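Asks: What follows is a predicted structure for the sequence shown.
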Amino acid sequence: MAEPLLHAFAKPSKTDFIRMVRGSGALLWDDKGNEYIDAIGSLWYSQVGHGNAEIADAVAEQIRTLETYSIFDPFTNEKAEQLATKLVSLSPLPDSRVFLCGSGSEAIDTAMKLARVAHVQAGHPEKTIIISRNRGYHGTNYGGTSAQGLPLNKIGYGQLLPEVVQVDSDNIEDLASFMKDNGTRVAAIITEPLQGAGGVYPPADGYLEGARKLCDQYGALLIFDEVITGFGRLGTWFAANYYNVVPDMLCFAKGVTSGYQPLGGVFIGRTALNALERDPDFFLRHGYTYSGHSAVCAAALKNLEIIERDGLIERAKHVGKRLSDGLHSLAADGVIDSVRGAGAIWAAGLKPDQNCVTIRDNMIKRGVIARSINADTNAFCPPFVITDQQIDKLLDVFAAAAQGK
């Protein structure tokens, strides 16, 4: 008999899974008592680590008071308003507002819809094309799946959204050529500043700046997908700060709550806002049941407080340097082929005779959890609270597994 739970990104026929039951900091334990170092932050999101009692208490207190209430017109709730105020204070987009939803996938679909409707409100309904980059991962809702630059994730789902196209990941001339031919119809360019789930690829020199200039030239909106890079992952609040390029919208999720509650959102900058706000009778027919969920917002507020109070963004720089130095030493010694990354997110590019799944599984047996991507990459995105000793152990375990020891 099949298992009742159908797992995400897994073979439906698979039945043997590792059941995690407890966490503390960067450590996890399964139901058999095995201990693991979480070197990938579960799914790129555990900034403050596992088992944080302060966040648990904040969520519990809110649930005891009022679990939540809708923010659909004519209602609002205090925690959603407090979180929006806090987030806007951190936003790299001047004079922005924030739309709240439940996940990164919802944030991407929201940004795509807002980009199109903003052009309609601005008097340019012809601007409907959305451009993304090859290798990009933008979640698994229909909009994000359409925008993905990972072909395997699109197979079998039928007709995806029209007028969503991909261009080369690194060659700005490919983007410029498409804009030259179609720019008057382009609503937005959406991109991860640093591509994460596609293999941890920082942008080519000048790419983000070039995309910003093309958007300005053709009146398109630039959308950053910072679901992975937001909230300190690169040693700055956002990748927009790290790369010094300001988008028109910025999607976030994951690190905003460190995974303690499901939350996503979109920062909307002034260009799009001017269009959305210009007609006082315009009614935005978009939202989610759990947009602005009070208990979820309580988790985010406490998580952001902890990141600031404990200096975890500065800590992320240290974590990233120690990871980077260790991986580059392995590459210099010929253990792996190459190293990619920035801040506190890194990947090991493997040699042709190495397999990332085999390496990942060998690491798990030794008590370290990394991420396998494609067949040639192992990725690392640990909690910022990981200790130096734990970083050194994960590097030693990875080195041994990469060498088949």
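Replies: It's in. Numbering: from 1, shown residues only.

Asks: helices or strands up against the helix or strand hosting residue 300?
Replies: In the assignment (DSSP states H and E), residue 300 maps to helix 294-309. Applying 3 or more C-beta pairs under 8 Å, 6 or more residues apart in numbering; DSSP states H and E, one finds that helix 294-309 makes contact with helix 53-66, helix 78-90. To be clear about C-beta, it is placed using only N, CA and C from the backbone, and glycine gets the same treatment.

Asks: in it, what's buried?
Replies: 294-304, 306-307 (16 or more other C-beta atoms under 10 Å).

Asks: C-terminal to that helix, what's the next element?
Replies: helix 312-332.

Asks: Give the partner strands of the following helix or strand past that next one in its sheet and their orientations.
Replies: Counting by DSSP H and E, the element after helix 312-332 in chain order, helix or strand, is strand 338-342. Here strand 338-342 has these sheet partners by DSSP bridges: strand 345-349 (antiparallel).

Asks: ok, and what's touching the partner strand?
Replies: 44, 194, 196, 199-200, 228-229, 233-234, 320, 323-324, 327, 330-331, 336-341, 373, 376-381, 398, 402 (C-beta atoms under 8 Å, 6 or more residues apart in numbering).

Asks: what's near enough to touch the spatially closest residue to residue 62 that is not a sequence neighbour?
Replies: Using C-beta to C-beta, 6 or more residues apart in numbering and skipping the chain neighbours, the partner closest in space to residue 62 is residue 298 (4.0 Å). For residue 298, the contacting residues are 58-59, 61-62, 79, by C-beta under 8 Å, 6+ apart.

Asks: Okay, residue 298 and residue 287: tell me how far apart.
Replies: Per C-beta to C-beta, to the nearest Å, residue 298 is found 20 Å from residue 287.

Asks: Serialize the helices and strands packed on helix 294-309 to CSV and add fields for mean pLDDT.
Replies: Shown next, in CSV, are the helices and strands packed on helix 294-309 (pLDDT from 0 to 100):
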stretch, mean pLDDT
helix 53-66, 98
helix 78-90, 98
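
Asks: I'd like these as TSV, with mean neighbour count and distance to residue 72 appended.
Replies: Shown next, in TSV, are those (neighbours: other C-beta atoms under 10 Å; distance: least, C-beta to C-beta, whole Å):
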stretch	mean neighbour count	distance to residue 72
helix 53-66	15	16
helix 78-90	17	11
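
Asks: In TSV: those, plus distance to residue 261.
Replies: Formatted as TSV, the helices and strands packed on helix 294-309 follow (distance: least, C-beta to C-beta, whole Å):
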stretch	distance to residue 261
helix 53-66	6
helix 78-90	11
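
Asks: Residue 102 is nearest to which of the ones you listed?
Replies: Closest to residue 102 of the helices and strands packed on helix 294-309, according to C-beta to C-beta: helix 78-90, at 12.6 Å.

Asks: Just the CA coordinates for the closest one, please, in PDB.
Replies: C-alpha atoms of helix 78-90 as PDB (Å, rounded to 0.1, in the frame of the first residue of the first chain):
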ATOM      1  CA  GLU A  78      -2.400  44.800  13.700                       C
ATOM      2  CA  LYS A  79       0.400  42.200  13.100                       C
ATOM      3  CA  ALA A  80       0.100  42.500   9.300                       C
ATOM      4  CA  GLU A  81       0.400  46.300   9.600                       C
ATOM      5  CA  GLN A  82       3.300  46.100  12.000                       C
ATOM      6  CA  LEU A  83       5.100  43.700   9.700                       C
ATOM      7  CA  ALA A  84       4.500  45.800   6.600                       C
ATOM      8  CA  THR A  85       5.900  48.800   8.400                       C
ATOM      9  CA  LYS A  86       9.000  46.900   9.400                       C
ATOM     10  CA  LEU A  87       9.600  45.400   6.000                       C
ATOM     11  CA  VAL A  88       9.200  48.700   4.200                       C
ATOM     12  CA  SER A  89      11.900  50.100   6.600                       C
ATOM     13  CA  LEU A  90      14.300  47.400   5.300                       C
END
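
Asks: partners of whichever helix or strand comes after that helix, with directions?
Replies: As assigned by DSSP H and E, the chain's next helix or strand after helix 78-90 is strand 97-101. Strand partners for strand 97-101, identified by DSSP bridges, are recorded as strand 264-268 (antiparallel).

Asks: Name the residues that touch the partner strand?
Replies: Here strand 264-268 has contacts from 87-88, 91-93, 96-107, 110-111, 114, 227, 248-253, 256, 276, using C-beta under 8 Å, 6+ apart.

Asks: Buried ones among these?
Replies: Buried among the contacts of strand 264-268 (16+ other C-beta under 10 Å): 87, 91-93, 96-107, 110-111, 114, 227, 248-253, 256, 276.

Asks: what's in contact with stretch 2-22?
Replies: By C-beta under 8 Å, 6+ apart, stretch 2-22 touches 28-31, 51, 364.

Asks: redo that, cut-off 10 Å
Replies: 1, 28-36, 38, 42-43, 50-51, 140, 153, 364, 369 (C-beta atoms under 10 Å, 6 or more residues apart in numbering).

Asks: ok, now stretch 58-78?
Replies: Residues from elsewhere that reach stretch 58-78, judged by C-beta under 10 Å, 6+ apart: 52, 79-81, 84, 100, 257, 260-261, 283-284, 287-303, 305-306.

Asks: what about residue 352, distance to residue 201?
Replies: Taken as C-beta to C-beta, the span from residue 352 to residue 201 is 19 Å.

Asks: Between those two, tell me which one has more neighbours.
Replies: residue 201 (19 against 8; other C-beta atoms under 10 Å).

Asks: Which residues are in contact with that one?
Replies: With C-beta under 10 Å, 6+ apart, residue 201 has these contacts: 133, 135-136, 169-170, 192, 194-195, 340-341, 347, 377.

Asks: Could you do residue 243 as well?
Replies: Applying C-beta under 10 Å, 6+ apart, the residues contacting residue 243 are 193-194, 202-203, 207-209, 212, 224, 229, 234, 236, 342.

Asks: ok so, going back, quick check on the contacts of stretch 2-22: which are buried?
Replies: 28, 36, 38, 42, 50, 140, 153, 364, 369.

Asks: Checking the nearest residue to the fourth one once chain neighbours are set aside next. Helix, strand or coil?
Replies: Spelled out, that is residue 42. Take residue 42 and drop its neighbours on the chain: the residue closest to it by C-beta to C-beta, 6+ apart is residue 259, 5.9 Å away. Counting by DSSP: H, G, I helix; E, B strand; the rest coil, the backbone at residue 259 sits in coil.
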